[in-house]
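In: please find the sequence and the predicted model below.
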Amino acid sequence: MDLVLIESLAVDTVIGVYDWERTITQRLVLDLALATDIRPAAADDDIALTLDYAAISERIQAFAAAHAFALVETFAEHLAETLRDEFGIPWLRLSVRKPGAVAAAAAVGVRIERGQRPETT
Ligand SMILES: Nc1nc2c(c(=O)[nH]1)N=C([C@H](O)[C@@H](O)CO)CN2
């Protein structure tokens, strides 16, 4: 199984369970590993035959701007579903970190894996 990677993608969104968090945007930092077979794209040197990490990053920015979830769990779950549906991704791993949420920690957050991991051939 091959992976397309997007690491340390910063997005700004309304996120949080407390009243003061509902009135501001905060930064989340995302890591994604997206399953695909990179061989067709590599054989033809054609962006149309792979997952375009630039297009997916833009979609994530738009998703973050358009939603205002309370929990990072909800953000992660809905984003994973959106990306899998729109880009036909069979399996993905997504980490959502919220830097600064806990003063003594560099970041807190969640990591999820969704979908069926393709077999390596
Ligand atoms: N498991 C979670 N715990 C907490 C979350 C969360 O989204 N998932 N959120 C908060 C607050 O919004 C916090 O980030 C404010 O600093 C607390 N715990």
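Out: Arrived safely, thanks for sending.

In: flag the shaky bits of this protein, pLDDT-wise.
Out: Under the criterion pLDDT under 70, no range of the chain is flagged.

In: name the next helix or strand downstream of the longest helix along it, please.
Out: Identified as the longest helix of the chain according to DSSP state H is helix 72-87. Going down the chain from helix 72-87, the next helix or strand is strand 91-99, by DSSP states H and E.

In: what's the angle between the longest helix of the chain and strand 91-99?
Out: 140 degrees (axes from the mean of the first three to the mean of the last three Cα atoms, to 10 degrees).

In: restricting to C-alpha, output helix 72-87 in CSV.
Out: Written as CSV, here are the backbone C-alpha positions of helix 72-87 (Å, rounded to 0.1, in the frame of the first residue of the first chain):
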residue,chain,number,x,y,z
VAL,A,72,-11.6,17.7,17.9
GLU,A,73,-13.2,14.2,17.7
THR,A,74,-16.1,15.6,15.7
PHE,A,75,-13.8,17.6,13.5
ALA,A,76,-11.7,14.5,12.7
GLU,A,77,-14.6,12.2,12.1
HIS,A,78,-16.5,14.5,9.7
LEU,A,79,-13.3,15.5,7.9
ALA,A,80,-12.3,11.9,7.3
GLU,A,81,-15.8,11.1,5.9
THR,A,82,-15.7,14.1,3.6
LEU,A,83,-12.3,13.3,2.2
ARG,A,84,-13.0,9.7,1.7
ASP,A,85,-16.3,10.5,-0.1
GLU,A,86,-15.0,13.3,-2.3
PHE,A,87,-11.6,11.9,-3.2
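
In: contacts for stretch 8-15 next, please.
Out: For stretch 8-15, the surrounding residues in contact (Cβ atoms under 8 Å, 6 or more residues apart in numbering) are 21-22, 24-32, 57, 60-61, 64-65, 67-72, 75, 98. (C-beta placed from N, C-alpha, C; glycine too.)

In: I am finished for the moment; much appreciated.
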